[in-house]
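Engineer: Kindly generate the corresponding structure for this input.
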Amino acid sequence: MGANLTAKRLLVGLIVTFLLTGCAAAATRSPSATAAATTSVAVATPALTPTPTPTPIVGAAVLTITCDGTAARLDATAVRTMPDGVHVDASATDGAPATVDVLAGDEGVVATTRGAAALVLAPGPYHVACLDPAEGDGPAVSFVIGDPDGLWKSSDTTCADGSGTAGSGDGPPASPAAAIAYLRTLVPLRQYDILEPAGYPGAPSGWIRLVRDGQVVASWQVQGTGDALRVNSTRTCPQPTSLTPTQSPPPTSSPEQSTPFGPPAAPTGATYHDDRFTGLKDVTVTVAWNEASPNGVSIWVYAVTECLAPAGSSRVDCVTEGSKIPASALVVLRKVPAAAGTTAWTFTDYNIGGALGVYGPVEYYAIILRAVSKAGQSPFVVAGTAQSCYQCTY
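Structural biologist: Residues are numbered from 1 along each chain as shown. Reported below is the predicted structural model:
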């Protein structure tokens with residue numbers, strides 16, 4: 001067992017090639033405070049290309065495809081992403097389920113599906129064609145997938161000269177929590193690095209990506225369950241000079257010091273509202289904020305997956321000013337244009353104990369926000385938090 005773990009460590013170390021060192025922690029503020037000062041990475045990596053902002057295309061919630069023989073007819077030209085992927089519903093003119101191929105440019109067929117399904121496809125332009133077993137695909141019709149809420153997180157690196165390895169394993173994808181915990185035993189991380197699931201939050205793929213200074217510099221696909229986890233595929237950037245580990249954190253940014261040429265100001269007036277305990281099965285969560293200068297700025301919405309209140313306490317906020325948030329408890333849920341001022345999602349209510357809410361497979365105890373632009377990122381602010389409850393049963 002020890003020899004296998006040592007071999008795994010050496011393998012991943014060779015794949016990563018010096019990339020990483022350290023670990024991350026961040027501070028946030030209580031809901032009553034306007035903003036909190038915390039250390040943040042404020043210098044974009046010049047060797048990497050900027051992370052693309054979410055497309056403004058909204059589209060239908062479900063793309064309905066009607067197949068008249070091999071002729072496809074769509075009820076919309078655009079469909080928006082959902083937490084578990086892209087929803088399509090293909091049927092024949094008599095209402096029976098139909099089989100269709102989804103095509104993407106030079107890649108050809110990227111998905112074949114029948115009837116209603118949620119497809120794991122990245123935002124962008126596609127074609128769809130009705131499939132007849134005897135005649136093959138009919139004429140292709142174009143549509144586009146929009147991602148207005150920033151649900152999709154690509155596993156591709158943002159550097160132009162990245163490399164990777166593709167595994168041949170067909171094992172089940174590891175859960176996001178298990179995959180992240182496994183990678184932390186193999187990969188030395190740098191301070192402020194974030195490991196987060198790639199793909200859609202409600203459709204785990206085993207892909208975990210490393211975000212540094214707002215850029216995706218590496219990703220790994222982890223397969224297996226329990227103690228039988230392994231890295232199946234990798235994607236990494238070469239190590240540019242600017243990614244050399246630093247010995248001290250960068251200077252704190254405050255709203256008063258922000259300029260059009262510096263990091264954006266922290267969002268103000270952050271709020272979290274849901275309609276739990278109203279008897280509704282499907283709960284709607286709404287997060288809102290104000291951003292002083294929203295041009296070119298995105299609001300990153302994070303979940304805190306642990307209650308950080310003192311052990312044995314009750315009615316104490318899980319996340320407050322001064323809370324030290326371990327990177328393992330911090331998950332990026334979505335990235336929203338700052339000018340939108342709000343974002344929302346729904347979850348099916350069930351017994352989540354003392355948690356504040358649910359996003360896809362993620363149960364969270366607090367929602368925190370930060371403003372991010374090409375120039376850097378703001379301190380965290382807290383939109384909403386659960387409270388501790390010692391010896392409570394649910």
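
Engineer: Helices of this structure, residue ranges please.
Structural biologist: Listed in chain order, the helices of the chain (DSSP state H) span 2-16, 176-186.

Engineer: Would you mind giving the domain segments of this protein?
Structural biologist: As given by automatic domain parsing, the domain ranges for the chain are 2-54+155-245+262-385, 62-146.

Engineer: Now the first one: average pLDDT?
Structural biologist: When pLDDT is averaged along domain 2-54+155-245+262-385, the result is 75.

Engineer: same thing with stretch 111-129?
Structural biologist: On average, stretch 111-129 scores 93.

Engineer: what's the answer for stretch 78-97, then?
Structural biologist: 93.

Engineer: what about the closest residue to Val222 other than its chain neighbours, how many residues close to it?
Structural biologist: Leaving out its chain neighbours, the residue that sits closest to Val222 by Cβ to Cβ, 6 or more residues apart in numbering is Ala179, at 3.8 Å. C-beta here means a position set from N, CA and C on the backbone, and glycine is covered the same way. Residues within reach of Ala179, counting by other Cβ atoms under 10 Å, total 25.

Engineer: My read is that Thr99 contacts Thr113, right?
Structural biologist: Yes. With contact defined as Cβ atoms under 8 Å, Thr99 reaches Thr113; the gap is 7.3 Å.

Engineer: Comparing these two, which residue is more hemmed in?
Structural biologist: Neighbours per residue, other Cβ under 10 Å: of Thr99 and Thr113, the larger number sits with Thr113, 20 against 15.

Engineer: need the contact list for that one.
Structural biologist: Taking Cβ atoms under 8 Å, 6 or more residues apart in numbering, we find Thr113 in contact with Val88, Ala90, Thr99, Val100, Val102, Leu119.

Engineer: quick one: it from Gln391, how far?
Structural biologist: 48 Å (Cβ to Cβ, to the nearest Å).

Engineer: From what I see, Ala61 and Thr81 are in contact.
Structural biologist: No. The pair Ala61 / Thr81 is not scored as a contact, 9.8 Å apart, by Cβ under 8 Å.

Engineer: Tell me which of those two has more neighbours.
Structural biologist: Higher neighbour count among Ala61 and Thr81: Thr81, with 25 against 11, using other Cβ under 10 Å.

Engineer: Enumerate every residue touching the more buried one.
Structural biologist: Contacts of Thr81 by Cβ under 8 Å, 6+ apart are Pro123, Ile145, Gly146, Asp147, Pro148, Asp149, Leu151, Trp152, Tyr200.

Engineer: From the residues you listed, pick the one nearest Ser328.
Structural biologist: Tyr200 (21.0 Å; Cβ to Cβ).

Engineer: Bridge partners for that closest one, pull those for me.
Structural biologist: Ala203 (DSSP bridges).

Engineer: Against Phe277, how distant is it?
Structural biologist: For Tyr200 relative to Phe277 (Cβ to Cβ), the value is 28 Å.

Engineer: The two: which has the busier surroundings?
Structural biologist: Tyr200 (24 against 8).

Engineer: ok, that one - contacts?
Structural biologist: Applying Cβ under 8 Å, 6+ apart, the residues contacting Tyr200 are Thr81, Met82, Pro83, Asp84, Gly85, Val120, Leu151, Trp152, Lys153, Gly360.

Engineer: any idea how far Cys307 is from it?
Structural biologist: 26 Å.

Engineer: Check Arg114 too.
Structural biologist: 43 Å.

Engineer: Same question for Val216.
Structural biologist: Taking Cβ to Cβ, one finds Val216 at 29 Å from Cys307.

Engineer: How about Asn295?
Structural biologist: According to Cβ to Cβ, Asn295 and Cys307 sit 36 Å apart.

Engineer: These two: which has the busier surroundings?
Structural biologist: Cys307 (25 against 11).

Engineer: and the nearest residue to the more buried one once chain neighbours are set aside, how many neighbours?
Structural biologist: Spatial nearest neighbour of Cys307, excluding adjacent residues (Cβ to Cβ, 6+ apart): Cys318 at 3.8 Å. The tally of other residues near Cys318 (other Cβ under 10 Å) stands at 22.
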